[in-house]
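>>> Need coordinates for the below:
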Amino acid sequence: MKNQFLMILFVFVGSVMYTPATAQSLSVSAIENSVKKDGKYAILVSNARYFEAAVRTGEGLKAKSPEMDFEVVLVGPVVKDLATDESLKSSIKTSEASGIRIVVCEAAMNHFKLKQTDYDATITFTPDGFVYMFGLQESGYKTITL
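Below is the predicted model:
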């Protein structure tokens with residue numbers, strides 16, 4: 001009898017306390033609109049396709065929010081591509097027109113035997129792209145690596 005009473009008590013309390021959990025999912029546009037207009041964002045890329053995608057992303061964000069800080073940091077093979085591949089010139093011009101900062105890793109430049117004069121005048125340089133990204137993170141930037 002005591003066990004039945006406890007069982008009934010647990011069922012009753014459980015049913016009273018139970019509230020169904022409903023997950024609230026945000027729409028894609030709600031998530032995209034949550035990007036801060038005055039935010040600070042950076043993308044670390046190592047190949048040319050990702051560089052072009054990062055510039056297009058920055059261009060779209062900066063068109064909506066010109067006050068946003070957006071940087072593309074280049075490490076690895078894309079550092080050579082940026083100096084030698086003429087097809088990337090349009091992405092450089094787009095970044096300049098949009099206010100996107102392109103930062104090139106000098107360690108990668110040294111590996112590929114490149115000099116700062118091999119690059120467009122709008123390019124910024126850092127001794128180490130990874131250390132630079134850590135600095136951006138410490139400065140409050142939201143960063144991703146592609």
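
>>> What is the burial count for Ala42?
24 (other CB atoms under 10 Å). No exception for glycine: its C-beta is placed from N, CA and C like everyone else's.

>>> Could you point out the helix or strand that follows whatever helix or strand it lives in?
Secondary-structure assignment from DSSP states H and E places Ala42 in strand 40-45. Under the assignment DSSP H and E, the closest C-terminal helix or strand after strand 40-45 is helix 48-64.

>>> So in that sheet, which strands flank the helix or strand following that next one, and in what orientation?
Using DSSP H and E, the helix or strand that directly follows helix 48-64 along the chain is strand 69-74. Sheet pairing here is set by DSSP bridges, and for strand 69-74 it gives strand 40-45 (parallel), strand 101-105 (parallel).

>>> Could you identify the helix or strand that succeeds strand 69-74?
Defined by DSSP H and E, the subsequent element after strand 69-74 is helix 78-84.

>>> Need the CA coordinates for that next one. CSV is fine.
Once non-C-alpha atoms are left out, helix 78-84 reads as follows in CSV (Å, rounded to 0.1, in the frame of the first residue of the first chain):
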residue,chain,number,x,y,z
VAL,A,78,47.4,32.0,-50.6
VAL,A,79,50.3,34.4,-49.7
LYS,A,80,52.1,33.3,-52.9
ASP,A,81,48.9,33.4,-54.9
LEU,A,82,48.0,36.9,-53.9
ALA,A,83,51.4,38.1,-55.2
THR,A,84,51.4,36.1,-58.4
